[in-house]
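Novice: Got a predicted structure here, sequence first:
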Amino acid sequence: MKEISFITSNKNKLLEVSQILCNSVPLINKDLDLPEYQGASVEEIATQKCITARNHVQGPVLIEDTALCFDGLNNLPGPYIKWFLGSLGLTGLNTLLHGFNNNKAHAVCTFAYSPDSNTDPVIFQGKTYGNIVQPRGDTAFGWDPIFQPDEGGGKT
Ligand SMILES: O=c1nc[nH]c2c1ncn2[C@H]1C[C@H](O)[C@@H](COP(=O)(O)OP(=O)(O)OP(=O)(O)O)O1
């Protein structure tokens, strides 16, 4: 099977994707923080990110874009979660929801894969529903400490 270049600057993302694929797909990582379009849907952002990624490597390319959508904020921060998290921190993200009386949120993982530069990227997407809570638990990866998935047995 041909190797796929998974382009990400995020070590934790690379680790998770490698663990999930469990060597079933040969991945090579290129550590690049690709620009992300604004004002677009998560699917458009992932598509554009994948097209940009193709300029950096030969052969099949895979990228992923993560969004964290707060129901009370009409799905913001969504794809801008990286910048909200960087500016406000975990506690600040939680405080954002004060006054909205709605802690529901969903995480959206959007992968875009392109086998070659002549083929439009294909999108794969998964959503996990849950609630925004006070930070607790493992702080190793991004917004994990404030997201309690509905199917996580009460853990963040
Ligand atoms: O499973 C996750 N659990 C907790 N936090 C997560 C997860 N997955 C991404 N994250 C964080 C990282 C970043 O603060 C933001 C998404 O940003 P996002 O643009 O997709 O990733 P990134 O810029 O870190 O790496 P990349 O070079 O692949 O674009 O959410």
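Specialist: Looks like it came in fine. Residues are numbered from 1 along each chain as shown.
Novice: Which parts of this protein are helices?
Specialist: 11-21, 42-54, 81-96 (DSSP state H).
Novice: any chance of those helices in JSON lines, plus distance to the ligand and mean pLDDT?
Specialist: C-beta: built from backbone N, CA, C; applies to glycine. Output for these, formatted as JSON lines (distance: least, Cβ to the nearest ligand atom, whole Å; pLDDT from 0 to 100):
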{"stretch": "helix 11-21", "distance to the ligand": "5", "mean pLDDT": "93"}
{"stretch": "helix 42-54", "distance to the ligand": "7", "mean pLDDT": "96"}
{"stretch": "helix 81-96", "distance to the ligand": "4", "mean pLDDT": "97"}
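Novice: Pick the most buried one from those helices.
Specialist: Mean neighbours per residue, mean count of other Cβ atoms under 10 Å, is largest over the helices of the chain for helix 42-54, with a mean of 20.
Novice: Report the distance from that helix to the chain centre.
Specialist: Counting by Cα atoms, centre = their mean, to the nearest Å, helix 42-54 is centred 13 Å from the centre of its parent chain.
Novice: helices or strands up against it?
Specialist: strand 61-70, strand 104-114, strand 122-132 (3 or more Cβ pairs under 8 Å, 6 or more residues apart in numbering; DSSP states H and E).
Novice: coming back round to it: now tabulate the helices of the chain in CSV and tack on distance to residue 104.
Specialist: Below are the helices of the chain laid out as CSV (distance: least, Cβ to Cβ, whole Å):
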stretch, distance to residue 104
helix 11-21, 24
helix 42-54, 18
helix 81-96, 13
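Novice: ok, the spatially closest residue to residue 141 that is not a sequence neighbour - contacts?
Specialist: Closest residue to residue 141 apart from its sequence neighbours, by Cβ to Cβ, 6 or more residues apart in numbering: residue 12 at 4.4 Å. Contact analysis of residue 12 by Cβ atoms under 8 Å, 6 or more residues apart in numbering lists 140, 141, 142.
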